[in-house]
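Student: I'll drop the sequence and a predicted model, then ask my questions.
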Amino acid sequence: ALPLAFYLRRHAADAPLLLDLLYLEIIVGLGALARRVSRLPPPRDTAGYLQAFVLGFVAWSLLAWSLSALALGSIKALRALTLLLAIPAACGGHAPLMLHLWRRLGEQTRVDRFWCGALTAWVAVLYARSKVVLGYDSLWYGLRPEYVLDPGNSVYQPLGLVSVVHYYPKLYEVFLLPVSALGDNSVITGMTIAMLVLILLACHTLAVRLGLPQRARLPVLALVARL
């Protein structure tokens, strides 16, 4: 853990990672609360946490798009909404996702822990890379939502751009608004990396259900991550 922390600090990627993890935990907490309201048990396995994320994502999106429809959906308002939602998100009766993953790591064999370490290192490299490498599409609109998606109080506001494809409201881009306009684009890119981690967790769950031998699961997962 210490080399990882020093590596992230060396590349100034530790603060973006912590912000993204906080946002992710809030969304998972909202989903866990939704499960609790629906009289479902709190998430206790990876599949449960993935379901909680999807439920939390839907709940947050409904609130964010409703605020935008009322012309109250500025980036600052959505950021405040997200921070306020951290209060009910803490009432889901679940352990934080990162704590769950840490506990699962302790249950793995030495070989599997090696592969988990390699995957964690790969994610750290991606975060460090996000500080210096930007894609063309990201520069065109993905990293400028405060100008080309929500410059006022609503994502429904017409911006008069040349083509609607250049920017029209999109589900995932709106989800990124609370971590936008912070002066550090790696926070936005980092959320996409966090989505990669969730995709890998989903792939691991599928591998278990498909009966893939345990010794092959994490190497295959590493291949999927690299691709």
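Tutor: The structure has been received and is ready for your questions. Numbering: from 1, shown residues only.

Student: what residue ranges in the protein are flagged as low confidence?
Tutor: For the chain, the stretches with pLDDT under 70 are 141, 161-169.

Student: Mind jotting down where the helices sit in it?
Tutor: Secondary structure of the chain (DSSP state H): helices at 2-10, 14-37, 46-69, 75-89, 97-106, 110-129, 136-137, 145-148, 171-175, 185-209, 214-226.

Student: Identify whichever of these lies nearest to Ser154.
Tutor: Nearest of those to Ser154, taken as C-beta to C-beta: helix 46-69 at 4.6 Å. C-beta coordinates here come from the backbone N, C-alpha and C atoms, glycine included.

Student: how far out from the middle of the chain is that closest one?
Tutor: 12 Å (C-alpha atoms, centre = their mean, to the nearest Å).

Student: hmm, who's touching it?
Tutor: With contact meaning C-beta atoms under 8 Å, 6 or more residues apart in numbering, helix 46-69 is reached by 24, 26-32, 34-35, 41-43, 73, 77-78, 81-82, 85, 89, 92, 94, 97, 100, 104, 150, 153-156, 169, 171, 174-175, 177, 198, 201-202, 204-205.

Student: One more: stretch 20-39?
Tutor: Residues contacting stretch 20-39 (C-beta under 8 Å, 6+ apart): 41-43, 48-49, 51-57, 59-60, 82, 85-86, 88-94, 96-98, 178-179, 187, 190-191, 193-194.

Student: Buried among those? Need that as a selection in PyMOL.
Tutor: In PyMOL syntax, the buried subset of the contacts of stretch 20-39 is picked out as below (16 or more other C-beta atoms under 10 Å):
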select buried, resi 43+48+49+51+52+53+55+56+57+59+60+82+85+89+92+94+96+97+178+179+187+190+191+193+194
